[in-house]
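>>> Sharing a sequence plus its predicted fold:
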Amino acid sequence: MNFKQLIEHYESLDKKNLIKKLVDKNSLILKQEDEIDRLNKEIKRIEEVEQDHKQINGNLHKEIKKLQEDLNSPLKTMREVGVLWKMA
């Protein structure tokens, strides 16, 4: 139904039915607005989780890189094969 047909339909209704129809439409709009608000809050929450995930992932990446560097350290390798002894 296009806008012009909708207006004609509303004009054909008696006052009681018109009020009921408009109240029902407003109620539906309010429910949709509430759902939009809920979804916007959920999007914000997901974005915060994503940001936390990126930070944690970055920290883990740095830690893994450090551990790999430590693992590939020539002194560590030499100690493991017995070339150098750990000083106690």
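Ah, there it is.

>>> Do you have the helices of the chain handy? List them.
For the chain, the helices defined by DSSP state H cover 3-12, 15-71, 74-81.

>>> Need those in CSV (columns: mean neighbour count and mean pLDDT).
Any C-beta I mention is one placed from the backbone N, CA and C, and that applies to glycine too. Shown next, in CSV, are the helices of the chain (neighbours: other C-beta atoms under 10 Å; pLDDT from 0 to 100):
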stretch, mean neighbour count, mean pLDDT
helix 3-12, 10, 90
helix 15-71, 10, 95
helix 74-81, 11, 68
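
>>> What separation do you get for the residue positioned nearest the centre of the chain and Ile36?
The centre of the chain sits closest to Ile46, judged by C-alpha atoms, centre = their mean, with a distance of 2.1 Å. Separation of Ile46 from Ile36 (C-beta to C-beta, to the nearest Å): 15 Å.

>>> Equivalent analysis for Asn17, please.
In terms of C-beta to C-beta, Asn17 sits 29 Å off from Ile36.

>>> same thing with Ser73?
56 Å.

>>> ditto for Tyr10
Where Ile36 is concerned, Tyr10 sits at a distance of 25 Å (C-beta to C-beta).

>>> ok, now His61?
The spacing between His61 and Ile36, counted by C-beta to C-beta, is 37 Å.

>>> swap in Ile19?
26 Å.

>>> same check, this time on Leu67
46 Å.

>>> Kindly report the same for Glu11.
30 Å.

>>> again, but for Asn26
15 Å.

>>> Same question for Asp24.
In terms of C-beta to C-beta, Asp24 sits 19 Å off from Ile36.

>>> Ok, Ser27 next?
To Ile36, Ser27 is 15 Å away according to C-beta to C-beta.

>>> got the contact list for His61?
By C-beta atoms under 8 Å, 6 or more residues apart in numbering, no residues touch His61.
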